[in-house]
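Novice: return a 3D structure for these sequence lines:
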Amino acid sequence: MAMRFGTRASDSPWVDTVWTCTSEHVTRMTSVATASWGLVFWQQNGQAYAAVTGPETRTGVAPVPEGASFVGVEFALGTSLRVAPTPTLVDGGLALPDVTRRTFRLDGLRFQTPGADDAEALVSRLVRAGALVRDPFVTELCRGHRPAVSGRTVERRFRAATGLTRGAVRQIERVRRAATLLAGGTEVADVVAGLGYYDEPHLARALRRYVGRSARHLRAGTGGAIGLDLAQPATS
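Specialist: Now for the predicted structure:
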């Protein structure tokens with residue numbers, strides 16, 4: 001029973017990562033919290049599907065189409081679909097209609113379904129069509145720019161664009177790094193110190209809430225299928 005992931009970074013400022021996955025004898029998985037929304041395309045038994053996925057604020061159990069192959073695009077913070085603002089997608093998502101093996105429909109337009117190597121070409125077409133937009137304020141904030149406005153204004157703009165607070169994003173991104181480090185064999189104490197957790201119980205609570213795995217399970221590679229590429233490099 002396995003889910004085989006491949007994840008790569010992107011040189012597009014609109015994209016966080018591009019991923020692929022195949023499910024082998026898997027019918028459900030543990031989902032992992034994520035701060036990003038995404039587009040996912042998959043095929044199963046010759047039938048094509050597509051969906052928009054939203055940011056997830058907690059772990060859960062999700063069904064997996066057995067024997068399916070997936071291509072997914074996770075978008076950078078501050079980006080949004082014109083027809084589905086990111087705050088409306090938090091802990092949810094939507095299935096896209098009228099999907100074929102070659103194309104899908106979004107925002108009233110038809111686009112070519114991407115493979116893993118041409119995801120950025122799709123994103124460029126979405127941008128040119130006006131289907132994909134972003135808040136420059138949040139983009140600059142994520143690049144380290146500190147705007148000359150109050151902290152309350154920063155938080156309000158950030159949440160309006162992403163659906164999450166900055167604190168929630170930091171917690172989710174940190175615990176995902178922690179899970180990857182633990183799966184790669186890093187000692188629990190080193191993860192606690194390297195990522196700024198108060199102590200091991202603090203890390204354990206975060207893993208339970210956002211990842212659905214204990215440090216022991218992550219280090220042993222047990223617990224069943226999980227919606228996270230634990231083989232990708234991670235640094236503390």
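Novice: residues near the spatially closest residue to A76 that is not a sequence neighbour, how many?
Specialist: Nearest non-adjacent residue to A76, counting by CB to CB, 6 or more residues apart in numbering: D16, 5.1 Å away. No exception for glycine: its C-beta is placed from N, CA and C like everyone else's. By other CB atoms under 10 Å, 19 other residues sit near D16.
Novice: list the contacts of D16.
Specialist: The contact partners of D16, taken as CB atoms under 8 Å, 6 or more residues apart in numbering, are S10, S36, E74, F75, A76, L77.
Novice: and if you look at D98?
Specialist: Contacts of D98 (CB under 8 Å, 6+ apart): F104, R105.
Novice: torsion angles phi and psi at it?
Specialist: phi 60, psi 50 (degrees, to the nearest 10).
Novice: do you know how far it is from V149?
Specialist: To V149, D98 is 42 Å away according to CB to CB, to the nearest Å.
Novice: circling back: closest to A183 out of the contacts of D16?
Specialist: E74 (18.7 Å; CB to CB).
Novice: A231 versus T180, what's the distance?
Specialist: For T180, the distance to A231 - CB to CB - is 8 Å.
Novice: meant to ask about E155
Specialist: Counting by CB to CB - E155 and A231 are separated by 35 Å.
Novice: the helix ranked longest in the chain: what's the following helix or strand?
Specialist: Counting residues, the longest helix found in the chain (DSSP state H) is helix 166-183. Next along the chain after helix 166-183, taking DSSP states H and E as the criterion, comes helix 188-195.
Novice: ok, residues contacting the helix or strand just after that following helix?
Specialist: Using DSSP H and E, the helix or strand that directly follows helix 188-195 along the chain is helix 200-210. Surrounding helix 200-210, the residues in contact under the criterion CB under 8 Å, 6+ apart are 32-33, 58-59, 171-172, 174-176, 178-179, 188-189, 191-192, 195, 197, 213-215, 218.
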